[in-house]
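[1] Provided below for reference: sequence and predicted model.
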Amino acid sequence: MDNYAALIPVKGFDSAKERLSLVLESSNRSDLAKRLASGVIKSCSGMRVWVVCEDDDVEHWARDLGANVLRNPIKGLNEAVSFGFDSLKRKGIERVLITHGDLVHPEGLPSLMTKAEIVIVPDTKLDGTNVLVLPTALDFSFSYGPHSFRKHLEFAEKTDSSVLVVKDSKFGFDLDDPNDLHEFSLENGSDV
């Protein structure tokens with residue numbers, strides 16, 4: 001896995017998890033985002049990990065965890081992932097695992113690297129894309145946001161690559177809304 005890497009886009013912790021603002025104070029959202037993203041980075045140990053960000057605090061936090069950092073020059077998730085993916089390609093990385101930093105159960109993420117040329121892990125609602133594994137030789141069009149799973153799958157199926165969709169996996173559980181937070185709290189037996 002010398003030419004493999006994980007790419008994790010992380011927005012500023014102060015603005016993280018805004019969809020949870022009705023149920024969590026800003027400091028709690030920040031702490032939760034940092035805790036989840038730390039777990040994602042740690043789950044990718046054994047691989048080179050790159051965090052793409054726009055924030056000084058995120059950069060320092062990522063470096064403290066041993067991750068490499070790419071500073072995204074343009075705001076936005078699709079822009080961050082495109083920038084990071086292209087940067088890793090220029091560094092000679094052949095395969096990239098792109099994952100969000102809010103996965104509840106990230107343990108074992110590196111196991112997805114060898115499943116197929118393209119691996120897509122949707123969220124539990126089959127709407128968003130939680131994990132993508134791609135060869136950097138592919139000119140992939142990132143479409144994060146509403147219906148990203150369908151968009152990424154349609155794009156992947158137009159390539160000559162083998163495609164594996166991993167549904168109903170632990171990697172599908174991320175924290176996006178109050179219902180996710182409630183399920184997370186029940187799993188952990190406590191409030192966040």
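    Received, thanks. Numbering: from 1, shown residues only.
[2] where does the protein dip in pLDDT?
    Counting by pLDDT under 70, the chain contains low-confidence ranges at 1, 15-27, 175-192.
[3] would you put the C-alpha positions of the helix ranked longest in it in CSV?
    Of all the segments assigned as helix in the chain under DSSP state H, the longest by residue count is helix 26-43. In CSV, the C-alpha atoms belonging to helix 26-43 read as follows (Å, rounded to 0.1, in the frame of the first residue of the first chain):
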residue,chain,number,x,y,z
SER,A,26,-21.5,25.2,19.1
SER,A,27,-18.7,24.0,21.5
ASN,A,28,-20.3,20.5,21.7
ARG,A,29,-20.6,20.4,17.9
SER,A,30,-17.0,21.3,17.6
ASP,A,31,-15.9,18.7,20.1
LEU,A,32,-18.0,16.0,18.4
ALA,A,33,-16.6,16.8,15.0
LYS,A,34,-13.1,16.7,16.3
ARG,A,35,-13.7,13.4,18.1
LEU,A,36,-15.2,11.7,15.0
ALA,A,37,-12.5,13.0,12.7
SER,A,38,-9.8,11.9,15.1
GLY,A,39,-11.3,8.4,15.0
VAL,A,40,-11.3,8.4,11.2
ILE,A,41,-7.7,9.4,11.0
LYS,A,42,-6.7,6.8,13.6
SER,A,43,-8.6,4.1,11.7
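[4] name the helices or strands packed onto it?
    Using 3 or more Cβ pairs under 8 Å, 6 or more residues apart in numbering; DSSP states H and E as the contact test, the elements touching helix 26-43 are strand 4-9. C-beta here means a position set from N, CA and C on the backbone, and glycine is covered the same way.
[5] nearest residue to G128 in space, please, no chain neighbours.
    Nearest residue to G128 in three dimensions, chain neighbours excluded: S148, at 5.4 Å (Cβ to Cβ, 6 or more residues apart in numbering).
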